[in-house]
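Engineer: sequence-free structure coming up:
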Ligand code: SF4
Ligand code: SF4
């Protein structure tokens, strides 16, 4: 997994990370109104969610947090 967790205590549910993720990994949970990691296997480690989150609530897996070039197909 590349994206590791979203800190619920910090997350305000603004939805910026959901909109910034090019891989559609994140969703806003309807019950908690917080961001959740829905499709972690699709994360390509671009880092936009951590860059864009105003609350610093998103954590990437440390050992995979550096940019990687992944091949498709
Ligand atoms: S950008 Fe940050 S505060 Fe906003 S929904 Fe995502 S994790 Fe929560
Ligand atoms: S690192 Fe990029 S692909 Fe992974 S969850 Fe964040 S925005 Fe989406």
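Structural biologist: Cool, got the structure. The shown structure was predicted, so the numbers you read here are calculated from the model rather than taken from an experiment. Ligands and ions are numbered 1, 2, ... in the order given.

Engineer: before we move on, what SS does the residue sitting nearest the centre point of the chain have?
Structural biologist: Closest residue to the average C-alpha location of the chain: residue 49 at 4.8 Å, with CA atoms, centre = their mean. Judged by DSSP: H, G, I helix; E, B strand; the rest coil, the three-state class of residue 49 is helix.

Engineer: Chain neighbours aside, what residue packs nearest to it?
Structural biologist: Using CB to CB, 6 or more residues apart in numbering and skipping residues adjacent in sequence, the residue nearest residue 49 is residue 17, 4.1 Å away. (Each C-beta comes from the backbone N, C-alpha and C, glycine too.)

Engineer: counting contacts, what elements does the host helix or strand of residue 59 pack onto?
Structural biologist: Using DSSP states H and E, the element containing residue 59 is strand 58-60. Applying 3 or more CB pairs under 8 Å, 6 or more residues apart in numbering; DSSP states H and E, one finds that strand 58-60 contacts strand 3-6, helix 48-52.

Engineer: What are the buried residues along that strand?
Structural biologist: Residues of strand 58-60 classed as buried: 58, 60 (neighbour count, 16 or more other CB atoms under 10 Å).
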